[in-house]
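1. Got a predicted structure plus its sequence, pasted below:
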Amino acid sequence: MPEGPEVEYTLITLKEFEGKKIKSIKITELSQKYNKYKGKQDIFTEFSGSILNKIERHGKFLIWIFNIQSVILNHLGMSGKWIISNKNDYKDKTKHPKIIVNFDESHKITIFDDTRNFGQFRKFENYESVMKYYPIKKLGLDGLMLPFPLENFEEKLKQKKYSNKEIGRVLLDQTLVAGIGNIYKSESLFLAKISPLKIVKNLKSQEIKKLGSAISETLQKAVKSMGSSIRTYRNPYGEEGSAQKWHKVYGKAGKKCEKCGLEIFRIIQDKRSTFYCNRCQK
Ligand SMILES: [Zn+2]
């Protein structure tokens, strides 16, 4: 699943279309099989002729802002990705096209390809209404914020609702830090030398700050690596990210820890995998 860094890299790539005029936003024939897109072509006709002013990232969401009131909320879901292609040969590059954004006076086209169909591409009346949409409204600190606000992070983590929970569970809560998913949760905890099983109230202030720094360092490094390509993620030009090459624990159950040689464990927390070293992380 794309996490904050993969969405950020997608955004960096899509920025070349900011300021461009939209020819059309089309819902593909294939997407008509799914309720969320079925019969909704009319909804997007108002974007024809508008200018894409800006795309913003909020946690793992992208918000497309135009020179008209309506905005589009986009989430990549489990396997969604944008593909940039030449208009003539895009069909070979996409197997599950759901949305096609065609720009005026550009030889390029962008396609939202979503194999597992958990992604979102939804119109909202205006920017205010999308900001009020609960999953956006409740987003916590952006994990990619620079400098990452360690004091705020500590304050938020000390909320009562987290105190008796394991840190490995809490880190996936997007209302705490937005943009962390399974991969960077495990990697950040390893970097901070904190066990995912540690109960939040037992974390010392110094450890919390160390964790905050580790989250920031891990996410920033991931953006620089163009994200992690574990299964499906590719950037809009079809290139793989390389962050998986420096992962220390994620996906490495049974392999030896690079630091101490002990076997890396995989456990399940809230139905999600967590990978860690029982010796390096306390
Ligand atoms: Zn180790």
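-> Thanks, I have it. Numbering: from 1, shown residues only.

2. so how far is stretch 108-121 from its chain's centroid?
-> 14 Å (CA atoms, centre = their mean, to the nearest Å).

3. Show me which residues of stretch 266-278 are buried.
-> 269, 273-277 (16 or more other CB atoms under 10 Å). For glycine as for every other residue, the C-beta is placed from the backbone atoms N, C-alpha and C.

4. Are it and the ion in contact anywhere?
-> Yes: using CB under 5 Å from the ion, stretch 266-278 comes into contact with the ion via C277.

5. Average pLDDT for that stretch, rounded please.
-> For stretch 266-278, the mean pLDDT works out to 97.

6. Contacts for it next, please.
-> 166, 168-169, 172, 182, 185-186, 189-190, 195-197, 249-253, 257, 259-260, 262, 264-265 (CB atoms under 8 Å, 6 or more residues apart in numbering).

7. Just those residues: which are in strands?
-> F265 (DSSP state E).

8. Select only the buried ones of the contacts of stretch 266-278 in ChimeraX?
-> In ChimeraX, this line selects whichever of those come out buried by 16+ other CB under 10 Å:
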select :166,168,169,172,182,185,186,189,190,195,196,197,249,250,251,252,257,264,265
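
9. List, out of the contacts of stretch 266-278, those positioned next to the ion.
-> 257, 259-260.

10. got JSON lines for these, with pLDDT too?
-> Shown next, in JSON lines, are those (pLDDT from 0 to 100):
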{"residue": "C257", "pLDDT": "98"}
{"residue": "K259", "pLDDT": "97"}
{"residue": "C260", "pLDDT": "98"}
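
11. Format the buried residues of stretch 266-278 as TSV; extra columns: secondary structure.
-> Listed next are the buried residues of stretch 266-278 as TSV, based on DSSP: H, G, I helix; E, B strand; the rest coil:
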residue	secondary structure
Q269	strand
S273	strand
T274	strand
F275	strand
Y276	strand
C277	coil
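
12. now, the most widely separated pair of these?
-> Q269 and C277 (15.8 Å; CB to CB).

13. circling back to that earlier point, among the contacts of stretch 266-278, which ones are in helices?
-> 168-169, 182, 185-186, 189-190 (DSSP state H).

14. Please, where are all the strands along the stretch 101-250 of the chain?
-> Counting by DSSP state E, counting those that start in this stretch, one finds strands in the stretch 101-250 of the chain at the ranges 108-114, 120-124, 141-142, 177-178.

15. chain center to stretch 139-151, what's the gap?
-> Taking mean C-alpha positions (CA atoms, centre = their mean), stretch 139-151 and its chain are 15 Å apart.

16. which pair in the ones in helices among the contacts of stretch 266-278 spans the largest distance?
-> R169 and F190 (16.3 Å).

17. Can you tell me how far K87 is from H107?
-> 6 Å (CB to CB, to the nearest Å).

18. Settle it for me: which of those two has more neighbours?
-> K87 (13 against 9; other CB atoms under 10 Å).

19. Phi, psi for that one please.
-> Backbone geometry at K87, expressed as degrees, to the nearest 10, gives phi -60, psi -30.

20. Contacts only, for it.
-> By CB under 8 Å, 6+ apart, the neighbours of K87 are 102, 107-109.

21. Flag whichever of these scores worst on pLDDT.
-> For the contacts of K87, the pLDDT minimum is H107, 86.

22. I'd say that residue and N86 touch.
-> Yes: with contact defined as CB atoms under 8 Å, H107 counts as touching N86 (5.7 Å).

23. Do a quick rundown of the helices in the protein.
-> Going by DSSP H, the chain shows helices at 4-14, 127-132, 134-137, 150-157, 167-170, 182-192, 205-224.

24. can you redo those as JSON lines with mean pLDDT?
-> Below are the helices of the chain laid out as JSON lines (pLDDT from 0 to 100):
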{"stretch": "helix 4-14", "mean pLDDT": "96"}
{"stretch": "helix 127-132", "mean pLDDT": "98"}
{"stretch": "helix 134-137", "mean pLDDT": "96"}
{"stretch": "helix 150-157", "mean pLDDT": "98"}
{"stretch": "helix 167-170", "mean pLDDT": "98"}
{"stretch": "helix 182-192", "mean pLDDT": "97"}
{"stretch": "helix 205-224", "mean pLDDT": "97"}
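
25. That concludes my questions; thank you for your assistance.
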